[in-house]
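A.B. asks: 3D, please:
(chains A, B, C and D)
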Number of protein chains: 2
Amino acid sequence: MHYLKFERIPRATISRLAVYVQELEVMEQQGLKVISSEKLAHLCGVNPSQIRKDLAYFGEFGVRGVGYYVHELRGAIRQSLGLDRNWNVVLVGVGNLGRALLRHNMLRKRGFVIVAAFDCDPFKIGEEIAGLEVNCSSKLPESTQEMNVEIGVITTPPERAQRAANYLIEGGIKGIVNFAPARITAPDYVSVEYVDFIHHMFSVAFNITQKQIKGLF
Amino acid sequence: MHYLKFERIPRATISRLAVYVQELEVMEQQGLKVISSEKLAHLCGVNPSQIRKDLAYFGEFGVRGVGYYVHELRGAIRQSLGLDRNWNVVLVGVGNLGRALLRHNMLRKRGFVIVAAFDCDPFKIGEEIAGLEVNCSSKLPESTQEMNVEIGVITTPPERAQRAANYLIEGGIKGIVNFAPARITAPDYVSVEYVDFIHHMFSVAFNITQKQIKGLF
DNA sequence: AGTGCATAGTGAAATTTTTAACAATCACCG
DNA sequence: CGGTGATTGTTAAAAATTTCACTATGCACT
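C.D. replies: Model (predicted):
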């Protein structure tokens, strides 16, 4: 019998659930109706038990002897993660990366709607990108409160990341996704995630070096 | 006494080392010469023992009673990670994100030199971005072999990620950093890393939802 | 030179996460 | 309507990771 659990959910579980959703969406497009934990695990590069355990944190979504109904499972995970609604997002820092995110439709497709963009460069203020006018960063706090924004994305240079964060916090934001290669400090009630692609470059470089040392090439 | 260790190094250690380097670089710019594990830990948001343990995988870099010499430690970590040299990189998929990476100077500054860019869209082939001409993806395998490229970056749409990966593998690449939101399969001798910013958006959304459920807002 | 103080390095304990094993249960079939 | 095969949900064991506690050591000051 599965009653509501109040266990702490590992962060790793969350990022795996995101992968499961990704693969389930591909399957759904392919018209596949049912999938077993074993097959899904193979596709996602994890252990089947892991999948069953990850899902068990949130409920019972499968049918024993059968597997998981793809569409149903996708919905259940999305609901568990809080993705069954739209989130208003603001972006700070309209550089190369910021522009790319503004023009990307992937965020919107996943329910993250960028409702405003900010920069402190006077040359960029007023510019229109993807239907959004770039505003002055100092206006950020009042705008976010007006617009009911919950998430802020930082795409400034590293040295300006903390200032951007401060504006966001002042504006009452609840979560920050920081693309700038710099740690930022924020109060406990604000969730901070770091997207550091450089770190992934480092990882690959390290893995290659290691394999070379071990003589695998 | 610290002899060469052949322990497996946790992946989490590697990504923390990258964070340490980041913070050490900031300190160096600020002219700070020495740092203790405790202060560095606080800046990076980790436990001091963790830092000491992470570093112990690679050697003894500190001075007891004093701390770590910032410049020296940065160098030691960079060397340990295999970052004390340049890496040739190719990029596949010249969309919004691909362009942003090509124009970004951060990669080059960290020793990752993009030496070629590829796309399968005839309208993009021949275009010049950041001093690099976009080539046809089908030419990728022979180019990478000629140019001694070791790392490939995938910034295609998800449905074309696997094909891009196949070209890279055929070209003898040793590591792949995949920005496309899709899992890819590659032989064991190729290291694959995923950069999924959508997952981080998911994490933040989830954390906010959780806090709301627990009544923290 | 000796003493005290600060802090790195390290082995062991605690915690967390992953994997394995198995009992429960559902669909299907005769 | 019970038996059979498959696959989940769950408990227990194993493995990995993090944290703690302590030892060793270098520096500064007397």
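A.B. asks: Point out where chain A drops to low pLDDT.
C.D. replies: A:1-6, A:215-217 (pLDDT under 70).
A.B. asks: Phi first, then psi, for the one residue in it that gets nearest to DNA strand C.
C.D. replies: Among the residues of chain A, A:Gly65 lies closest to DNA strand C, at 2.6 Å counting by Cβ to the nearest atom of the strand. For glycine as for every other residue, the C-beta is placed from the backbone atoms N, C-alpha and C. With angles defined as degrees, to the nearest 10, A:Gly65 sits at phi 80, psi -10.
A.B. asks: what about the longest strand in chain A?
C.D. replies: What stands out as the longest strand in chain A, according to DSSP state E, is strand A:112-119.
A.B. asks: What strands flank it, and is each parallel or antiparallel?
C.D. replies: Strand pairing for strand A:112-119, determined by DSSP bridges: strand A:87-92 (parallel), strand A:132-136 (parallel).
A.B. asks: Please name whichever of those strands is nearest to B:Arg16.
C.D. replies: Nearest of the strands paired with strand A:112-119 to B:Arg16, taken as Cβ to Cβ: strand A:87-92 at 26.1 Å.
A.B. asks: Quick check: buried residues in the closest one?
C.D. replies: Within strand A:87-92, the residues that count as buried by 16 or more other Cβ atoms under 10 Å in any protein chain shown are A:Trp87, A:Asn88, A:Val89, A:Val90, A:Leu91, A:Val92.
A.B. asks: residues in chain A within reach of DNA strand C, list them.
C.D. replies: A:8, A:10-13, A:46-47, A:49-50, A:52-53, A:63-66 (Cβ under 7 Å from any atom of the strand).
A.B. asks: Just among those, which is most surrounded?
C.D. replies: Ranked by neighbour count (other Cβ atoms under 10 Å in any protein chain shown), those have A:Thr13 at the top, with 18 neighbours.
A.B. asks: Tell me who's in contact with A:Glu193.
C.D. replies: A:Gly175, A:Ile176, A:Val177, A:Asn178, B:His200, B:Met201, B:Ser203, B:Val204 (Cβ atoms under 8 Å, 6 or more residues apart in numbering or on different chains).
A.B. asks: Please narrow the residues you listed to those residing in strands.
C.D. replies: A:Gly175, A:Ile176, A:Val177, A:Asn178.
A.B. asks: ok, which stretches of chain A are strands?
C.D. replies: Under DSSP E, chain A gives strands at A:34-35, A:68-69, A:87-92, A:112-119, A:128-129, A:132-136, A:151-154, A:175-178, A:191-194.
A.B. asks: Out of the buried residues of strand A:87-92, which is nearest to DNA strand D?
C.D. replies: For the buried residues of strand A:87-92, the nearest to DNA strand D is A:Trp87 (27.8 Å; Cβ to the nearest atom of the strand).
A.B. asks: what bridges to the closest one?
C.D. replies: Residues in beta-bridge contact with A:Trp87 (DSSP bridges): A:Phe112.
A.B. asks: Does it touch A:Ile151 like I think?
C.D. replies: Yes - in this structure A:Trp87 lies within contact range of A:Ile151 using Cβ atoms under 8 Å: 5.5 Å.
A.B. asks: Show me which residues of chain A are close to DNA strand D?
C.D. replies: So chain A meets DNA strand D at A:1-2, A:36-38, A:48-49, A:52-53, A:55-56, A:60-68 (Cβ under 7 Å from any atom of the strand).
A.B. asks: so which of the contacts of A:Glu193 comes closest to A:Lys109?
C.D. replies: For those, the nearest to A:Lys109 is B:Met201 (11.6 Å; Cβ to Cβ).
A.B. asks: ok, how many other residues are close to the closest one?
C.D. replies: 25.
A.B. asks: Report the spatially nearest residue to it, omitting neighbours in sequence.
C.D. replies: For B:Met201, ignoring the flanking residues on the chain, the nearest one in space by Cβ to Cβ, 6 or more residues apart in numbering or on different chains is A:Phe112 at 5.4 Å.
A.B. asks: same deal with A:Arg85?
C.D. replies: Leaving aside its sequence neighbours, A:Arg85 sits nearest to A:Gly111 (Cβ to Cβ, 6+ apart; 6.6 Å).
A.B. asks: show me what contacts the one you found?
C.D. replies: So A:Gly111 contacts A:Leu83, A:Arg85, A:Asn86, A:Trp87 (Cβ under 8 Å, 6+ apart).
A.B. asks: Are any of those buried, and if so which?
C.D. replies: A:Leu83, A:Trp87.
A.B. asks: Looking at the contacts of A:Gly111, which two lie furthest apart in space?
C.D. replies: Using Cβ to Cβ, the contacts of A:Gly111 span at most 9.5 Å, a distance reached by A:Leu83 and A:Asn86.
A.B. asks: If you count neighbours, what's buried in the longest helix seen in chain A?
C.D. replies: Ranked by residue count, the top helix of chain A under DSSP state H comes out as helix A:11-29. Using 16+ other Cβ under 10 Å as the test for burial, helix A:11-29 gives A:13-27.
A.B. asks: ok, so of those, who is nearest B:Ile77?
C.D. replies: Once Cβ to Cβ is applied, the member of these that ends up nearest B:Ile77 is A:Ser15, at 25.0 Å.
A.B. asks: Next one: the closest one relative to B:His200, how far apart?
C.D. replies: 8 Å (Cβ to Cβ, to the nearest Å).
A.B. asks: residues near A:Glu150, how many?
C.D. replies: Residues near A:Glu150, counting by other Cβ under 10 Å: 18.
A.B. asks: got a list of what it touches?
C.D. replies: A:Glu150 is in contact with A:Trp87, A:Asn88, A:Val89, A:Ile173, A:Lys174, A:Gly175, B:Ile208, counting by Cβ under 8 Å, 6+ apart.
A.B. asks: run the last query once more with 6 Å
C.D. replies: A:Trp87, A:Lys174 (Cβ atoms under 6 Å, 6 or more residues apart in numbering or on different chains).
A.B. asks: ok, it to A:Ser137 distance?
C.D. replies: Counting by Cβ to Cβ, the gap from A:Glu150 to A:Ser137 is 19 Å.
A.B. asks: got it, and A:Thr209?
C.D. replies: In terms of Cβ to Cβ, A:Thr209 sits 40 Å off from A:Ser137.
A.B. asks: likewise A:Val153?
C.D. replies: 13 Å.
A.B. asks: ok, those two, which is more surrounded?
C.D. replies: Neighbours per residue, other Cβ under 10 Å: of A:Val153 and A:Ser137, the larger number sits with A:Val153, 30 against 20.
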